[in-house]
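Engineer: okay, here's the prediction I keep looking at, along with the sequence it came from:
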Amino acid sequence: MDHCCNNKRQELETLARYRAQRRVLVIVMVINLAMFVVEFGAGVIARSSALQADAVDMLGDGVVYALSLWAIGRGSRWDAGAALAKGVLILAFFLFIVWSIVDKLVHGVAPASGLMLIFGAIALLANLTCLALLWRFRALNLNMKSTFECSRNDVAANAGVLIAGAAVGLTGYGWPDVLIASIIALVFLRSALGVTREAWPAWRKAS
């Protein structure tokens, strides 16, 4: 009887944990998708590669959170598969940002620093909220670990956009915008390689 009750308690605790993960992931997914629309529009108006790169990061994270939701409770193979898909997706966004930077170098003009600072600050606040919500799940499993890493990268990218906006305002040149966009792209590449390197063996083992 004690063994049966203990098993039932563990099942209830697992279900409660899954519900908590889903609730948090839905919230951060909505925040990121909404911020993508807002920040990308601001990046186009401000002619800022850094803002657009950060917005694309928001879109990527929205998709990442959707993948994480899909993988919850499906087992280690699905966790690893979702993490692997995130790695490939992050790599695709890295390539998009590189293309955006090259286009800016060929045709670009100095961005509007005021818009960069305003919307960079809004994005930073949104991502700090997401990071706080995800904090307690950061080491729960491979799926949530990769999700938390994406959110942590976002905070660093937001800080970079604010630095770029301030530098553009002080110098009047567009190079800080391109520099920060390049750094965000490198963070994407590092994250994609790290997530994929960890997820691929786990997926093969689970398969």
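Structural biologist: That came through, no problem.
Engineer: who does the helix or strand encompassing residue 89 touch, helix- and strand-wise?
Structural biologist: Using DSSP states H and E, residue 89 sits in helix 76-107. Helices and strands touching helix 76-107, by 3 or more Cβ pairs under 8 Å, 6 or more residues apart in numbering; DSSP states H and E, are helix 49-71, helix 142-171, helix 175-206. Glycine gets a C-beta too; all of them are placed from N, C-alpha and C.
Engineer: most tightly packed of those helices?
Structural biologist: Highest mean neighbour count of those: helix 49-71, a mean of 25 (counted as mean count of other Cβ atoms under 10 Å).
Engineer: that one to helix 76-107, inter-axis angle?
Structural biologist: Helix 49-71 and helix 76-107 are oriented at 170 degrees to each other (axes from the mean of the first three to the mean of the last three Cα atoms, to 10 degrees).
Engineer: return the distance of the nearest residue to residue 163 once chain neighbours are set aside relative to residue 29.
Structural biologist: The shortest distance from residue 163 to any non-neighbouring residue, by Cβ to Cβ, 6 or more residues apart in numbering, is to residue 180 (6.5 Å). Using Cβ to Cβ, to the nearest Å, we find residue 180 at a distance of 25 Å from residue 29.
Engineer: how many neighbouring residues does the closest residue in space to residue 154 that isn't next to it in sequence have?
Structural biologist: Leaving aside its chain neighbours, residue 154 sits nearest to residue 127 (4.2 Å; criterion: Cβ to Cβ, 6+ apart). A count of neighbours around residue 127, defined by other Cβ atoms under 10 Å, yields 28.
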